[in-house]
Structure formats: structure tokens, C-alpha cells
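Q: A structural model of the following input is requested.
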Amino acid sequence: MPALRSLGAITMFVEDVAASKEWYQRALELTVLFEDEQSVAFRLDNTIINLLQIDEAPHLIGPARVAASDAGARAQLTIWVDDTDEVCAALAERGVALVNGPLDRPWGQRTACFADPDGHLWEVAQTIG
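A: Prediction:
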């Protein structure tokens, strides 16, 4: 099998593209890379974060099913940072509530978790000790 070298894009299904766009611009200070009526995409380093209107998701993933928004978390996306506490303070200033953290983890990371408006979980993680 050819080598899998990098993650190119993550597509997340959202209820309200405009509200999600505003949140990602405000909370994570991301700049829009592309948008249309059904989606908005941002670049985070070398990965594109694509937010797709949930009604459009079946066209992308069918015949797989789209989970209901109240189905609970199935994944967490992690962003490497230099200082978890500093990032958490900046997130709080932007109105982002933490789900948990900051916590020192036994695997050598200081982490904190937060959710976007659709419940997608994000984590910031700093290597410690």
C-alpha cells in the first residue's frame, strides 16, 4: 500500500453554516479559505477544516448514515499548542467554555477540551515534563 503521509481535510457536519462560521472565526481566529451556500472551509496549518451543512452530508458519505446531532461524541480533534493555559485564557476571552481542563495527563500532555456549536469536540494539548 502506498504511504499515507498527511491529513488533508476534515469535514464536519453542522446545523447552521453561518453560525458555525462565526464561531470558528471568533473562537479559533481562523480565516475562511472557501465558502458557498452549503459549506465553509478554513485552513489550520496543513489541514483544511470543512464545515458542511448537515442536509448535504448524505450526498458526500452515502450510503453511510449521518448520525443525529444528539448521538454524542464520536471523536475529538487535537491542536498542538505551546501553552495550554494561555490558549484557554484566550478562548475564555472569546466566550468559549471548556468541557474539561486544563489537566495534566499521565501520557505527558496538558490538555483542555471545548466544543463548537454543533458539539464537535476540540482539544488543545501541550507536551509537559
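Q: isn't residue 66 right up against residue 13?
A: Yes: between residue 66 and residue 13 there is a contact at 6.1 Å, judged by CB atoms under 8 Å. In short, each C-beta sits where N, CA and C put it, glycine included.
Q: Mind listing the shared neighbours of the two?
A: 54, 57 (CB atoms under 8 Å, 6 or more residues apart in numbering).
Q: who has more neighbours, these two?
A: Counted by other CB atoms under 10 Å, residue 66 and residue 13 do not tie: residue 13 has more neighbours, with 22 against 15.
Q: which SS state does the more buried one fall under?
A: Classification of residue 13 using DSSP: H, G, I helix; E, B strand; the rest coil returns strand.
Q: Strands along this structure, start to end?
A: 9-14, 32-35, 39-44, 47-53, 76-80, 98-104, 109-115, 121-127 (DSSP state E).
Q: Turn those strands into CSV, columns for distance to residue 20 and mean pLDDT.
A: Output for the strands of the chain, formatted as CSV (distance: least, CB to CB, whole Å; pLDDT from 0 to 100):
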stretch, distance to residue 20, mean pLDDT
strand 9-14, 4, 96
strand 32-35, 11, 97
strand 39-44, 7, 97
strand 47-53, 5, 96
strand 76-80, 14, 95
strand 98-104, 17, 97
strand 109-115, 12, 96
strand 121-127, 13, 96
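Q: can you redo those as TSV with distance to residue 90?
A: Putting the strands of the chain into TSV (distance: least, CB to CB, whole Å) gives the following:
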stretch	distance to residue 90
strand 9-14	22
strand 32-35	20
strand 39-44	16
strand 47-53	18
strand 76-80	12
strand 98-104	12
strand 109-115	11
strand 121-127	10
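Q: Which of those strands sits closest to residue 22?
A: strand 39-44 (9.8 Å; CB to CB).
Q: Which strands or helices does that closest one pack on?
A: helix 17-27, strand 32-35, strand 47-53 (3 or more CB pairs under 8 Å, 6 or more residues apart in numbering; DSSP states H and E).
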